[in-house]
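*Asks:* Have a look at this prediction, sequence included:
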Amino acid sequence: MAVPKHKTSKSKRDMRRSHDSIDAPNLSVCPKCGEAKLPHHACPQCGEYKGRTLVPEKEEE
């Protein structure tokens, strides 16, 4: 079994981990209701995507 001959320095370890960070998702604004939504997805509030209503709005009671 392969065993490292020398200790990996903090610099080498951190350079390896430089691509492991998590980015926040990009958000766009819904043109109909103005809520934040994921790009290329139907709006979770109004259910509209590219000018068409895909998910009917829920009636508030």
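*Replies:* Thanks, I have it. Numbers count the residues shown, from 1 in each chain.
*Asks:* mind listing the helices for the protein?
*Replies:* Listed in chain order, the helices of the chain (DSSP state H) span 10-16.
*Asks:* So for it, the centremost residue is which one?
*Replies:* With distances taken as CA atoms, centre = their mean, Pro25 lies nearest the centre of the chain, 2.8 Å away.
*Asks:* Now that residue. Nearest residue, chain neighbours left out?
*Replies:* Leu38 (6.4 Å; CB to CB, 6 or more residues apart in numbering). Where C-beta positions appear, they are placed from N, C-alpha and C, glycine not excepted.
*Asks:* now the one you found: how far from Thr53?
*Replies:* Distance of Leu38 to Thr53, given as CB to CB, to the nearest Å: 18 Å.
*Asks:* okay, now Lys32: neighbour count?
*Replies:* When neighbours are counted by other CB atoms under 10 Å, Lys32 registers 14.
*Asks:* measure it to Arg13 for me?
*Replies:* 48 Å.
*Asks:* just Cys30 next, same as before
*Replies:* From Cys30 to Arg13 the distance is 43 Å (CB to CB).
*Asks:* Which of those two has more residues huddled nearby?
*Replies:* Per other CB under 10 Å, whichever of Cys30 and Arg13 has more neighbours is Cys30, with 17 against 10.
*Asks:* residue contacts, the nearest residue to the more buried one once chain neighbours are set aside?
*Replies:* In this structure, Cys30 finds its nearest non-sequential neighbour in Cys43, 4.2 Å apart by CB to CB, 6+ apart. Cys43 makes contacts with Cys30, Lys32, Cys33, Glu35, Lys37, Tyr49, as judged by CB atoms under 8 Å, 6 or more residues apart in numbering.
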